[in-house]
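Participant: Show me how the following folds:
(chains A and B, ligands or ions: 3)
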Amino acid sequence: MIPASFAYHRAASADEALSLAAEHGEDAKFLAGGHSLLPLMKLRFAAPEVIIDIGRLSELSFITDEGSAIRIGALTRHHDVEHSELLAREIPLLAHAAGQVGDPQIRHRGTIGGSVAHGDPASDLPAVLLALDATFVARGRAGTREIPAGEFFRSLFETALEPGELLTEIVVPKPANGAAWSFQKFTKRAIDWAIVGVAVQDDRIGLINMGSVPLRAGRAEAALAAGEPVADAAAVAAEGTSPGSDIHASRAYREHLARVLVGRALEEARSRS
Amino acid sequence: MKVSVRVNGHDMTADVEDRMLLVHFLRDVAGLTATNVGCDTTSCGACTVLLDGESVKSCTVLAAQADGRAVTTVEGLAGNGEMHPVQRAFHEQHGLQCGFCTPGMVMAIVSLLRENPHPTEEQVRAGLEGNLCRCTGYHNIVRAALAAAEVAS
Ligand SMILES: Cc1cc2nc3c(=O)[nH]c(=O)nc-3n(C[C@H](O)[C@H](O)[C@H](O)COP(=O)(O)OP(=O)(O)OC[C@H]3O[C@@H](n4cnc5c(N)ncnc54)[C@H](O)[C@@H]3O)c2cc1C
Ligand code: FES
Ligand code: FES
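Facilitator: Numbers count the residues shown, from 1 in each chain, chains lettered A, B, ... in the order given. Ligands and ions are numbered 1, 2, ... in the order given. Next up is the predicted model:
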């Protein structure tokens, strides 16, 4: 399978990427690691006329300690997040979850920014970044703005990014208790996306594949905040969600998985802290 | 567009379509046909090669993305008529049957051992998550990876 024809441009800087995007408008797509976009293009689900390769913007590949937060460049690959000693020490949830994305080859190419910008509710890292209360930094021709993770995911594959806007970095506050984390990914086969997944950091709960966007388990979080035991919080984990039914699982089964996995995740996070 | 890739130590420049995939550059332009296309959907790992020393699935990389970089295929592993330790281990441990998955498996293991020279069996199995084999049942492939690590140490 070969993608439909397009014109390839490689940006040498973020500024050049932005001006190329402005020049080509709706016809253009950024290409980061290409591990969501190229498969779609090969299947002709996407057929951009112009590809702006941002994969070599080393200025946007970094993991730095800013005291109360860690800043991660959008072009940082899953492999580098997985193997970051800084993240393993300060935000082990993120390092661990990055190591669960796809397989080693995919992690050598795919980027954290691509995962976020793609806006796929089945992706692992968006829900993890919700549980971590991260902020996304976007740069457009008009300037830079910060978007809280909770306001970023709008609908299936739709995010708060404007056309031509570049996601540049992800700011993750260091958790109150870094050790209080858990990542539960329920898959049928190796390298698969989660049928349902749960990321817990402290008492924040991110849900993978429980609706058209990655989301927080608001009811379960409220139950915890009200002092209810883990089992009672887990019992309401699927409330307020609207997962789909597909060949992998029915809606009812996904709701069941959310309750079970939230229970396991909260127990594990508590046992670690 | 003009693409220059250092393939197995030799510079290779060609004028190709912007949409050409790296695997087709290797097979059709460079004439290196050991790298197979299996699933064509980033799942099976048959197309695995090293890009700047790291395993990637060449069915999901554009030739343009490899421009100016180094690619190693299984043809580039043996030196001076000597098999690479991972190749020899596949031979000695019966790590293949039909051989279709083998070039990708070997390259995935070379990359794995570079990152982790002394993996446990469990780490080898996890490291080969992205490579499917329809024949062997994997046991001898895992043995080959462990044997190659042993030889190297
Ligand atoms: C077989 C397979 C299995 C996978 N399994 C998993 C899995 O288990 N879990 C999981 O979470 N993911 C999985 N993935 C997806 C993988 O994590 C992708 O790498 C990731 O979703 C996208 O990152 P990318 O850098 O490859 O983005 P690309 O494919 O390059 O881009 C994706 C989209 O985001 C846009 N974009 C990218 N970067 C930016 C930016 N900085 N600013 C603005 N827009 C941008 C692009 O224009 C495009 O629309 C899998 C992929 C494959 C092929
Ligand atoms: S052909 Fe590339 S992963 Fe199967
Ligand atoms: S040996 Fe036949 S597919 Fe692996």
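
Participant: and residue A:87, what is it in contact with?
Facilitator: Residues in contact with residue A:87 (C-beta atoms under 8 Å, 6 or more residues apart in numbering or on different chains) are A:63, A:70, A:81, A:94-95. C-beta: built from backbone N, CA, C; applies to glycine.

Participant: Considering these, which possesses the most neighbours?
Facilitator: residue A:94 (31 neighbours; other C-beta atoms under 10 Å in any protein chain shown).

Participant: so where do the strands sit in the stretch 1-150 of chain A?
Facilitator: Along the stretch 1-150 of chain A, counting by DSSP state E, counting those that start in this stretch, strands occupy A:7-10, A:28-31, A:50-53, A:63-65, A:69-73, A:135-140, A:143-148.

Participant: could I get those as a markdown table with distance to residue A:129 and mean pLDDT?
Facilitator: A markdown table is the format used below for the strands of the stretch 1-150 of chain A (distance: least, C-beta to C-beta, whole Å; pLDDT from 0 to 100):
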| stretch | distance to residue A:129 | mean pLDDT |
| --- | --- | --- |
| strand A:7-10 | 28 | 98 |
| strand A:28-31 | 19 | 98 |
| strand A:50-53 | 24 | 98 |
| strand A:63-65 | 14 | 98 |
| strand A:69-73 | 10 | 98 |
| strand A:135-140 | 8 | 98 |
| strand A:143-148 | 10 | 98 |
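
Participant: ranges for the helices of the chain?
Facilitator: Unless you meant another one, I'm taking chain A. For chain A, the helices defined by DSSP state H cover A:14-24, A:37-42, A:78-82, A:85-90, A:92-98, A:104-109, A:112-118, A:124-131, A:218-225, A:230-235, A:251-272.

Participant: nope, chain B please
Facilitator: Remark: helices assigned in chain B by DSSP H are B:22-24, B:85-92, B:102-115, B:121-127, B:139-152.

Participant: Need these in JSON lines (columns: mean neighbour count).
Facilitator: Shown next, in JSON lines, are those (neighbours: other C-beta atoms under 10 Å in any protein chain shown):
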{"stretch": "helix B:22-24", "mean neighbour count": "23"}
{"stretch": "helix B:85-92", "mean neighbour count": "20"}
{"stretch": "helix B:102-115", "mean neighbour count": "24"}
{"stretch": "helix B:121-127", "mean neighbour count": "16"}
{"stretch": "helix B:139-152", "mean neighbour count": "20"}
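
Participant: which one of those lies closest to chain A?
Facilitator: Of all the helices of chain B, it is helix B:121-127 that lies closest to chain A, at 5.8 Å by C-beta to the nearest C-beta.

Participant: Can you give me the domain boundaries for chain B?
Facilitator: B:2-76, B:85-152 (automatic domain parsing).

Participant: can I get these in TSV with distance to chain A and mean pLDDT?
Facilitator: Conversion of the domains of chain B to TSV gives the following (distance: least, C-beta to the nearest C-beta, whole Å; pLDDT from 0 to 100):
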stretch	distance to chain A	mean pLDDT
domain B:2-76	4	98
domain B:85-152	3	97
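
Participant: For residue A:134, list the residues it contacts.
Facilitator: Residue A:134 neighbours (C-beta under 8 Å, 6+ apart): A:149, A:170-173.

Participant: Pick the one among those closest to ligand 2.
Facilitator: Ligand 2 has its nearest neighbour among those in residue A:170, at 28.0 Å by C-beta to the nearest ligand atom.

Participant: quick one: contacts for the closest one?
Facilitator: Going by C-beta under 8 Å, 6+ apart, residue A:170 touches A:71-72, A:74, A:112-113, A:116, A:129, A:134-137.
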